[in-house]
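Make a model of this:
(one chain, ligands or ions: 1)
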Amino acid sequence: MDSKIRIMIVDDEMIVRQSLLTWFKKYGHEVDTAASGMEALKKLEQTPFQVMFVDIKMPGMDGLELLEKVKQDDPGIMVVIITAYGSIESAVKAMRTGASDYLLKPFKPDQLSLVMERILCQQKITQEYQYLKGHLEQITRFDNIIGQSSPMKQLYAMIPEVAQSDASVLITGETGTGKGLVARAIHAKSLRAELPFVAINCGALPDTLMESELFGHKKGAFTGATHARKGFLEIVSGGTLFLDEIGDISPKMQVDLLRVLEDKQVFSVGSETPVAVDFRLVSATRHHLEDRIRKEAFREDFYYRINVIKIRLPSLRERKDDIALLARHFMEKYSHETTKTVDRITQDAVRLLTSYDWPGNVRELENAVERAVVLSKSRTLTAGDFSFLQPARTAGPRAQTLKAVQKEHILRVLDEQDWHITRSAEILGINRATLHKIIKRDQLKKDR
Ligand SMILES: Nc1ncnc2c1ncn2[C@@H]1O[C@H](COP(=O)(O)OP(=O)(O)OP(=O)(O)O)[C@@H](O)[C@H]1O
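Next comes the predicted model:
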């Protein structure tokens, strides 16, 4: 038996309690005893137990009644009924009420070993099931977009709806928040998914080049136009056009594009014959276009055309809950790419990453993890592997909520005490049951 569990023995006979206690302790389990059903219930309120051995015949509350009460409060707890030869019907009744197994008195160590083996096996299966179920229930990604914070879940709900319509979408958000990923996801979920997705970075192209890229040109339309070329507005033919950094396009280009959106046709440079075009427009910007409209750098009529549906992506600072998940995702990605085994990250490293304010958002986090993985000499990333992050940028406790500070403090104490509940609870000045409740409520976990 290699796994250690918390066991409670409930029997009114001291000799049974003592012998079972000694036997279980020998195998390193944490054991407590109770001489009656009432005493057992009181102890259960204080500390959770995984397995109970309960005698059926006890004065006051009998084993069956105790079993029922315990199972009502905690259906996951495993109860082994101890019963005397000749009262097999009550054992059957107990099994129907939810007991996991039974032992017939007087029992031999072999029989006890067998029951424990079955219990541990069942326990392992249940844990694995809970783990997998937890994984399935958590929505951690949508396409290639990772995140399980509430703004991300809202986004995941929104993308398929937005994708079904043909209206123009404007995605806003700071640099590196995943605007490109969202644009691709909208295309992938839309009816145009099988048609081209054409992305143009408007910030990277000078006006004249952008004009011929988008609209195409006739042979000889300008010096160097040695042959005719189709523009992206034509090439996209039925698909999605993604204009990244749309805030950077010139007022002239805004007028030209507005005309295309209204007339659904283009004139390639140097041509007088229009060509019909069909595309869905998705644009992105990191600027506040409303400010640009006020400064007359952006046309209001064009803005309304491109902004029928607006999606605002949160900065990483606004969804710190996702940092650990993203860091692990990128750790796996780069561990795989570099064929190194880097598959662990310490709680301290996660805390450091969480306290950093990430002006470059997910892109910056991805680059940081990639660098840490490439330079790491062990399979575990530690806070030291991220020492290149500017400490000035890590936000102090003043930028955190009281709840986050509390969670962080409890985690630190638990880590320092190697997750010894009694010692940690003492240091924190709370009782064990409260600490257990907090751990469960806040889903606190040991380092991977
Ligand atoms: N939620 C996310 N999950 C996984 N990867 C992400 C996420 N958000 C961004 N990334 C990654 O971060 C990088 C930047 O993403 P993307 O180019 O979509 O950002 P952006 O907002 O368009 O940035 P910019 O405004 O600078 O163009 C990419 O490598 C992308 O894969």
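
Report whether the expected contact of Gly173 with Arg317 is present.
No. Using Cβ atoms under 8 Å, Gly173 is not in contact with Arg317, being 11.9 Å away. All C-beta atoms are positioned from the backbone trio N, CA, C, and that covers glycine.

which one of the two has more residues nearby?
Set Gly173 next to Arg317 and count neighbours by other Cβ atoms under 10 Å: Gly173 wins out with 18 against 15.

Could you count how many residues lie near the nearest residue to the more buried one once chain neighbours are set aside?
In space, Gly173 comes closest to Leu313 once its chain neighbours are excluded; the distance is 3.2 Å by Cβ to Cβ, 6 or more residues apart in numbering. Applying other Cβ under 10 Å, we find 25 other residues in the vicinity of Leu313.

same check, this time on Gly37
24.

Show me the shaky parts of this protein.
1-2, 85-86, 130-139, 390-400, 447-448 (pLDDT under 70).

got the domain boundaries for it?
Per the TED database, the domain ranges recorded for the chain read 6-133, 145-312, 318-389, 402-442.

on that earlier part again, isn't the residue nearest to Gly173 right up against Leu170?
No. Here Leu313 does not reach Leu170: they are 11.3 Å apart, not a contact under Cβ under 8 Å.

can you tell me if stretch 275-283 touches the ligand.
No. Judged by Cβ under 6 Å from any ligand atom, stretch 275-283 stays clear of the ligand, getting no closer than 11.2 Å.

My guess is Asp256 contacts Phe215. True?
Yes. Asp256 lies in contact with Phe215 (Cβ under 8 Å); the separation is 7.5 Å.

Show the end-to-end separation of stretch 341-352, please.
22 Å (Cα to Cα, to the nearest Å).

ok, the residue of the chain most remote from its centre to Arg229 distance?
The centre of the chain is farthest from one residue, Gly220, which by Cα atoms, centre = their mean lies 54.8 Å away. Going from Gly220 to Arg229 by Cβ to Cβ, to the nearest Å gives 12 Å.

Would you mind naming what in the stretch 51-200 of the chain lies close to the ligand?
Ile145, Ile146, Gly147, Gly173, Thr175, Gly176, Thr177, Gly178, Lys179, Gly180, Leu181.

How many residues are close by the nearest residue to the second one once chain neighbours are set aside?
What that stands for is Ile146. The spatially closest residue to Ile146, leaving aside those adjacent along the chain, is His329, at 5.1 Å (Cβ to Cβ, 6+ apart). His329 has 20 neighbours, counted by other Cβ under 10 Å.

More neighbours: Asp256 and Phe215, which one.
Neighbour totals were compared for Asp256 and Phe215, and Phe215 leads with 25 against 20 (other Cβ under 10 Å).

Contacts only, for the closest residue to the more buried one other than its chain neighbours.
Nearest-residue entry for Phe215: Gly231, 4.3 Å, with adjacent residues in sequence omitted and distances by Cβ to Cβ, 6+ apart. By Cβ atoms under 8 Å, 6 or more residues apart in numbering, the residues touching Gly231 are Ser212, Glu213, Leu214, Phe215, Gly216, His217, Val266, Ser268.

How much space separates the residue in the chain positioned nearest to the ligand from Ser315?
Per Cβ to the nearest ligand atom, Gly178 is where the chain lies closest to the ligand, at 2.7 Å. According to Cβ to Cβ, Gly178 and Ser315 sit 11 Å apart.

Run through the bridge partners of the residue lying closest to Leu389 once chain neighbours are set aside.
Nearest residue to Leu389, sequence neighbours excluded (Cβ to Cβ, 6+ apart): Tyr356, at 5.4 Å. Residues in a beta bridge with Tyr356, per DSSP bridges, are Thr394.

residues near Tyr356, how many?
22.

Do I have it right that it meets Ala383?
No. Between Tyr356 and Ala383 there is no contact under Cβ under 8 Å: 11.0 Å.

which parts of the stretch 301-448 of the chain sit against the ligand?
Val362, Arg363, Glu366.

Which helix or strand contains the second one?
Here Arg363 is covered by helix 361-375, with elements defined by DSSP states H and E.

what comes up buried for that helix?
Asn361, Val362, Arg363, Glu364, Leu365, Glu366, Ala368, Val369, Glu370, Ala372, Val373 (16 or more other Cβ atoms under 10 Å).

how many other residues sit next to Glu194?
By other Cβ under 10 Å, neighbour count at Glu194 equals 8.

Could you do the one 3 residues further on as well?
Look at Phe197: counted by other Cβ under 10 Å, it has 19 neighbours.

Helix, strand or coil: sort out the closest residue to it other than its chain neighbours for me.
Counting by Cβ to Cβ, 6+ apart, the nearest residue to Phe197 once its immediate chain neighbours are dropped is His187, at 4.6 Å. Taken by DSSP: H, G, I helix; E, B strand; the rest coil, the conformation at His187 corresponds to helix.
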